[in-house]
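>>> How does the following fold in three dimensions:
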Amino acid sequence: MSRTTVVTDRSEFRSVADDVTVGTRVPIEVETVVDDPFSAYRRAREGPGGVFLETTGGQDGWGYFGVDPIDRLTVSATAAVWEAAADDAGTHGDYRRLTPSLEALEGFLATEAVDRSTTAVPYPCGAIGWLSYDIARELEDLPETAVDDRSIPRVAVAKFDQLVAWHTDDVGEETRVLVTVCPVIDAETDADEVYEAAIDRAESLVGRLHEGDPSVGSAPVEAETAEFESDTGREAFADRVRRVKEYIRDGDTFQANISQRLVAPAAVHPVEAYNALRTVNPAPYSALVEFSGRASAADGDRWSGTDLVSASPELLIERDADRIVTEPIAGTRPRGETPEADERLEADLLNDEKERAEHAMLVDLERNDLGKICAYGSVDVKEYRRIDRYSEVMHLVSLVEGQLAPAYSLADAIAAAFPGGTITGAPKPRTMEIIDEMETTQRGPYTGGIGIFGFDGNATLNIIIRTLTRHDEEYHLRVGAGIVHDSLPNTEYDETLAKGKALVTAIDEALSDQRLTIEEVSQ
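Numbering: from 1, shown residues only. Alright, predicted model coming up:
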């Protein structure tokens, strides 16, 4: 009995294919039922190059994964020289100023087009990957005092012409997933032949979802424990807080988000780390990006490159047609041990004058960012200071949206919002200079964005926080706090540790499961 149901009717596909511009992709969709999308991903993946995005914790949304990239783009720091694009911004003056990284991304996406009329899946195909915080060095003239000690790419994205998609409302013991294959329509190929070939590809992938090997191999390093060590420590971080407060008193900044890097051996495979994290800390913008693995035997069979294991709660920017949305988070409390304690902490967060002022300032910053590329008068705060709860912390969140002006592209919108004001501070340019002075090493992916980019100009990017960066044979976990005039150094240090607690717990649990498996095998 077939496990595949064809959703896209042949005649419907033929009709759309006959009308689209040559070079456009037209999705063909089949469905199947899997036990769990992540388990299906594990069975389907065949080494590096896979990506997995999902909304967890009961939130509404779509999940996606891809395992067979057809093309990749990597932009390194050697291209990080700011240069303005031609001024064609119309009534908005000279804002349009794409950097080498964003120009490369725009060009990478510009070769594609899709007609989504055959599917309800928002992203039936597209590019998935990350943008590093250090693209900010192309947007602003930063002092380069923080050391680039890892040479992580500033842009790393891969194209997928087939994706597996599901709606989070459907996740349960069995989940209906849609496999979308998006062939290119050209002038010579017969539509029926394209349709048949796409169905064959979809059914081949479905077979891997059910019958593939779920094992992921060994961890980057063998270790019984994975203790995270800070690159600063409490006293050094407290000193950074005091120095930022001096800048605030001098009028250089109103608020600056300062982080520390926690480092541990990569004693669990990124897939196992993500498997634990999605249970320990569900989040609306969770992601696993596997873009590397073991180096060649000539290099001692060591792990190299970078993977991301993310449970981000924060949206950097989303584009849906001409609608642009961002959801700034500013204000944090730990979760209470009882419902009553949780309510008291929520009330404290909502009524804290420091948190209220900080949140208002950063919402205003995001309104100004969107105002650079949105139609005049269209930017509005749709939700203000709602409470979002996660396993270890709760946050104050607002929703700001606007209508993208016709003169601007997705890349322009990213340039306007990047990096997110909640993880820099205000005013952005001067505050990023202060961040570079306080933090001894460059951030890399941390506070950049993991995103899915449609071939129709739509995109969804998170802010890379609550994220493990697997670099070579280490996990790097950066955690930060927004420093304002009333900040207490020790309190801010403790807040950074609270934000990282769920990820440390995930590694501990994955290690425990790994040790249990080893013991079971040895018996």
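
>>> For the closest residue to Asp35 other than its chain neighbours, grab the count of nearby residues.
Of all residues not flanking Asp35 in the chain, Glu174 sits nearest, at 6.4 Å (Cβ to Cβ, 6 or more residues apart in numbering). No exception for glycine: its C-beta is placed from N, CA and C like everyone else's. Neighbour count for Glu174, taken as other Cβ atoms under 10 Å: 10.

>>> Glu174 touches Pro37, doesn't it?
No - using Cβ atoms under 8 Å, Glu174 makes no contact with Pro37, being 10.9 Å away.

>>> C-alpha coordinates for stretch 69-79, PDB please?
In PDB, the C-alpha atoms belonging to stretch 69-79 read as follows (Å, rounded to 0.1, in the frame of the first residue of the first chain):
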ATOM      1  CA  PRO A  69      20.500  21.500  -1.400                       C
ATOM      2  CA  ILE A  70      20.900  22.300  -5.100                       C
ATOM      3  CA  ASP A  71      23.200  25.400  -4.600                       C
ATOM      4  CA  ARG A  72      25.000  27.200  -1.800                       C
ATOM      5  CA  LEU A  73      26.200  30.700  -1.100                       C
ATOM      6  CA  THR A  74      28.900  31.600   1.400                       C
ATOM      7  CA  VAL A  75      30.200  35.100   1.900                       C
ATOM      8  CA  SER A  76      33.300  35.500   4.000                       C
ATOM      9  CA  ALA A  77      34.800  38.500   5.900                       C
ATOM     10  CA  THR A  78      37.200  39.200   3.000                       C
ATOM     11  CA  ALA A  79      34.200  40.700   1.100                       C
END
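
>>> Counting by contacts, list what the helix or strand bottoming out on mean pLDDT in the chain packs against.
Lowest by mean pLDDT, DSSP states H and E among the helices and strands of the chain is helix 489-522, with a mean of 75. Judged by 3 or more Cβ pairs under 8 Å, 6 or more residues apart in numbering; DSSP states H and E, the packing partners of helix 489-522 are helix 234-249, strand 255-265, helix 270-280, strand 306-312, strand 329-334, strand 467-471, strand 474-483.

>>> now do 7 Å
helix 234-249, strand 255-265, helix 270-280, strand 474-483 (3 or more Cβ pairs under 7 Å, 6 or more residues apart in numbering; DSSP states H and E).

>>> and the angle for the second one with strand 467-471?
What separates the directions of strand 255-265 and strand 467-471 is an angle of 50 degrees, with axes from the mean of the first three to the mean of the last three Cα atoms, to 10 degrees.

>>> Strand 255-265: partners in the sheet, and parallel or antiparallel?
strand 229-230 (antiparallel), strand 425-426 (antiparallel), strand 474-483 (antiparallel) (DSSP bridges).

>>> And the strands in the stretch 101-250 of the chain?
Here the stretch 101-250 of the chain has its strands, by DSSP state E, counting those that start in this stretch, at 126-131, 155-160, 162-167, 175-181, 229-230.

>>> Please render those strands as JSON lines that adds distance to Tyr475 and mean pLDDT to the earlier fields.
Output for the strands of the stretch 101-250 of the chain, formatted as JSON lines (distance: least, Cβ to Cβ, whole Å; pLDDT from 0 to 100):
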{"stretch": "strand 126-131", "distance to Tyr475": "16", "mean pLDDT": "96"}
{"stretch": "strand 155-160", "distance to Tyr475": "18", "mean pLDDT": "93"}
{"stretch": "strand 162-167", "distance to Tyr475": "27", "mean pLDDT": "95"}
{"stretch": "strand 175-181", "distance to Tyr475": "29", "mean pLDDT": "93"}
{"stretch": "strand 229-230", "distance to Tyr475": "11", "mean pLDDT": "92"}
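
>>> between the ones you listed, which gets nearest to Leu370?
Among those, the nearest to Leu370 by Cβ to Cβ is strand 126-131 (17.8 Å).

>>> What separation is there between Glu439 and Ile387?
30 Å (Cβ to Cβ, to the nearest Å).

>>> Which one of the two is surrounded by more residues?
Glu439 (22 against 16).

>>> Next, count neighbours for Arg430.
Neighbours around Arg430, by other Cβ under 10 Å: 18.

>>> same deal with Glu144?
Neighbour tally, Glu144, other Cβ under 10 Å: 11.

>>> Kindly report the same for Asp60.
9.

>>> picking that back up, can you lay out the strands paired with strand 255-265 as a markdown table showing distance to Gln255 and mean neighbour count?
Converted to a markdown table, those look like this (distance: least, Cβ to Cβ, whole Å; neighbours: other Cβ atoms under 10 Å):
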| stretch | distance to Gln255 | mean neighbour count |
| --- | --- | --- |
| strand 229-230 | 22 | 14 |
| strand 425-426 | 4 | 24 |
| strand 474-483 | 5 | 24 |
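
>>> quick one on the thing from earlier: quick one: which of the helices and strands packed on helix 489-522 is nearest Gln162?
The nearest among the helices and strands packed on helix 489-522, by Cβ to Cβ, is helix 270-280 at 20.4 Å.

>>> mind listing what's buried in that closest one?
Pro270, Val271, Glu272, Ala273, Tyr274, Asn275, Ala276, Leu277, Arg278, Val280 (16 or more other Cβ atoms under 10 Å).

>>> where are the low-confidence patches of this structure?
Residues of the chain meeting the criterion pLDDT under 70: 1-2, 57-59, 77-98, 170-172, 293-301, 513-523.

>>> give me phi/psi at the most centrally placed residue in it?
Closest residue to the average C-alpha location of the chain: Ile450 at 2.4 Å, with Cα atoms, centre = their mean. Phi and psi for Ile450, reported as degrees, to the nearest 10, are phi -90, psi 130.
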